[in-house]
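> Fold the following and give me the result.
(chains A and B, ligands or ions: 2)
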Amino acid sequence: MEKTTDIFRRRKLTYTAVFLIFLTIFAGTSLITEFSLADGAASFPAAAAWIAENLIPDQEAMERLPRILERLLETALLSVAVTVVAAVCAFFFSLLGSNIPHIHGLVKRLVRIVAAFFRNVPDVVWAMLLMFSFGQNILTGFFALFFTTFGLLTRAFIETVDEVSASCVEALEATGANFIELVFQGIIPSALSGITTWVLYMIETNIRSSTLIGMLTATGIGYLFDLYYKRLDFSSASLVILSIVVLVLVIETASNRIRKVVLS
Amino acid sequence: MALLEFQNVSKVYNNVTKALQDVTFSIEEGEFVSIIGPSGAGKSTLMRCANRLVDASQGAIFFDGQDVTKMGKKDLRKVRTKTGMIFQHYNLVERLSVVENVLHGLLGKKSTLSGMIGQYTEAEKAEAFRIIQEMGLTEQAYKRCDELSGGQKQRVGIARAIMQKPRLILCDEPIASLDPKSSKVIMDHLKQINREKKITCLVNLHQVDVAIRYSERIIGVAGGRIVYDGPSGQLTEAIIHEIYQSGAHDLIMDKLG
Ligand SMILES: Nc1ncnc2c1ncn2[C@@H]1O[C@H](COP(=O)(O)OP(=O)(O)OP(=O)(O)O)[C@@H](O)[C@H]1O
Ligand SMILES: [Mg+2]
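Ligands and ions are numbered 1, 2, ... in the order given. Below you'll find the model as predicted:
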């Protein structure tokens, strides 16, 4: 009896503590950064007026559209390629970090640490580091995206694999299936829809990220944006942004379709 | 010679939980044996020691005369191909079709490459469809398993086990998630397999009345030890209460019967 009331009391205390901690963090960080909700809201109208004046694409900007689309395609294809390659690597890597049998505990921990390292370094930082070895090159962007995607997907896939494998692994082991058969006949079919969802999500994310990285590495659509922005050609720059938004929307619609097909 | 023999088997999980303690019994080829006992008694552990999904901590387990506990990977794989297993939660690959799940029964005998890509001969496929028909699942053969009812899923589980052409089938609470009607269908199938194919059956059950009705012999487990091992006919009410460590009117069946 003592024990159960104790558990409930501890849970209530935990919730209260978590709430108070969040409140403190918000108040504290607002104070330190001198961020105030009221000031933020007050500066809105001026910003909106500036946008209306400068960011509507004009005739001149429309002439640049073919060039923009070309770079956009380059960026989109890069993101898709990176995500797919990273997903394949991450899947097999994640098996070594999951709870399925035949994997040594030490390997498991190592895999999780490596994945955490890769995903906790932001892709922009990876790009800046890699610039030393590859220079302003599309390879820099490729590897920068690859590393974070790989780290993130490994973590996600470990969870997906653990979730789906609990039931089928035991049954297939009992039939005498070996590790490879277990993976290809049990885990992959069960995890496929979860994997697809993650891959599609990462493609969307990577299109956004690769725009940013492109500014650093002078490749893809990011390079164009940077160029127009620095020339103060705001209407062309905003066309670049609009085209990215459209692309992301298109990708999102497409991935929703794909998801539906895979899930059903 | 006994088909399955446990000699002084003990299992300790994480150096603390004593799941099995000094368990000794043997099962002859062709027998239908039920294991009963309260939750946490060690029934599932006992069953998993037989095909080494769980490694026993102590003792020896003989399958067809060979000590399973000392086997290498290759021999263990061979033993597993000869023992089918059926689970409470069916443990199918839900996203694959019925026939693919049934063919999984062959994985232990396949080469890694053909097992990996799921390549089966025409004869193997024909055999799978024959077993599916036997289980009354012909209409569902190409359906994905997550579209089936619990009773149908369990029949797929049985079909997968039969596909292995096993000498022993281990059933871990095969009817615990099913309604009484589906339960009867499943138990009848198991009994039929046992009679017609001469496959030895070892079944964990929570329903004492079912155990008595279907098996010739019952093993009662409590606290990791065997407390009864004998013909189902001689299982008295006193013994049942001893197995479940319960008082005279504590069990559901007391009030029914
Ligand atoms: N993987 C495991 N790790 C640690 N302890 C375990 C594990 N599996 C089972 N146990 C413990 O071993 C004991 C026996 O469990 P087991 O699952 O064999 O019982 P059971 O008779 O099958 O119970 P039930 O009827 O509820 O299925 C329990 O105390 C359980 O908590
Ligand atoms: Mg159990």
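
> Can you mark which positions in stretch B:140-157 are buried?
By neighbour count with 16 or more other C-beta atoms under 10 Å in any protein chain shown, stretch B:140-157 contains the buried residues B:140-141, B:144-145, B:148, B:150-157. From N, CA and C alone the C-beta is placed, and that goes for glycine too.

> Residue A:142: what's it in contact with?
Residues in contact with residue A:142, defined by C-beta atoms under 8 Å, 6 or more residues apart in numbering or on different chains, are A:78, A:81-82.

> Mind giving me the PyMOL select for those residues, buried ones only?
In PyMOL syntax, the buried subset of the contacts of residue A:142 is picked out as below (16+ other C-beta under 10 Å):
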select buried, chain A and resi 78+82
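
> could I get the contacts of residue A:142 as TSV with secondary structure?
Output for the contacts of residue A:142, formatted as TSV (DSSP: H, G, I helix; E, B strand; the rest coil):
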residue	secondary structure
A:78	helix
A:81	helix
A:82	helix
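
> for chain A, what are the nearby residues on the stretch 151-257 of chain B?
Proximity of the stretch 151-257 of chain B to chain A (C-beta under 8 Å from any C-beta of the partner chain) is limited to residues B:157, B:160, B:164, B:170.

> related to what we said a few turns ago, tell me the two of the buried residues of stretch B:140-157 that are most distant?
B:141 and B:150 (18.1 Å; C-beta to C-beta).

> in chain A, which segments are predicted with low confidence?
Chain A contains residues with pLDDT under 70 at A:1-4.

> mind giving me the domain ranges of it?
A:2-42, A:66-263 (automatic domain parsing).

> tell me the most buried of the ones you listed?
domain A:66-263 (a mean of 19; mean count of other C-beta atoms under 10 Å in any protein chain shown).

> That one near ligand 1 at all?
No: if you take C-beta under 6 Å from any ligand atom as the test, domain A:66-263 misses ligand 1, and the best it gets is 11.0 Å.

> before we move on, back to that, let me have the residues of the stretch 151-257 of chain B next to chain A in a markdown table, adding pLDDT and secondary structure as columns.
Shown next, in a markdown table, are these (pLDDT from 0 to 100; DSSP: H, G, I helix; E, B strand; the rest coil):
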| residue | pLDDT | secondary structure |
| --- | --- | --- |
| B:157 | 97 | helix |
| B:160 | 97 | helix |
| B:164 | 97 | coil |
| B:170 | 97 | strand |
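
> Name the nearest of the contacts of residue A:142 relative to chain B.
residue A:81 (25.4 Å; C-beta to the nearest C-beta).

> Quick check: nearest residue in space to that closest one, chain neighbours excluded?
In space, and not counting its chain neighbours, residue A:81 is closest to residue A:142: 7.7 Å by C-beta to C-beta, 6 or more residues apart in numbering or on different chains.

> For the one you found, give me phi and psi.
phi -60, psi -50 (degrees, to the nearest 10).

> picking up where we left off before, dump the domains of chain A to JSON lines, plus distance to residue B:226.
What follows is the domains of chain A, written out as JSON lines (distance: least, C-beta to C-beta, whole Å):
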{"stretch": "domain A:2-42", "distance to residue B:226": "33"}
{"stretch": "domain A:66-263", "distance to residue B:226": "23"}
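
> one step back: what is the nearest of the buried residues of stretch B:140-157 to residue B:34?
residue B:154 (16.8 Å).

> got the phi/psi numbers for the closest one?
phi -70, psi -30.

> Enumerate every residue touching it.
Residue B:154 sits next to B:86, B:90, B:174-175, B:178, B:182, B:186 when contact means C-beta under 8 Å, 6+ apart.

> Can you flag which of those belong to strands?
Members of the contacts of residue B:154 lying in strands (criterion: DSSP state E): residue B:86.

> Tell me the predicted confidence for whichever residue of the stretch 51-200 of chain B sits closest to chain A.
Nearest to chain A in the stretch 51-200 of chain B, going by C-beta to the nearest C-beta, is residue B:108, at a distance of 2.3 Å. Residue B:108 is assigned a pLDDT of 94 by the prediction.
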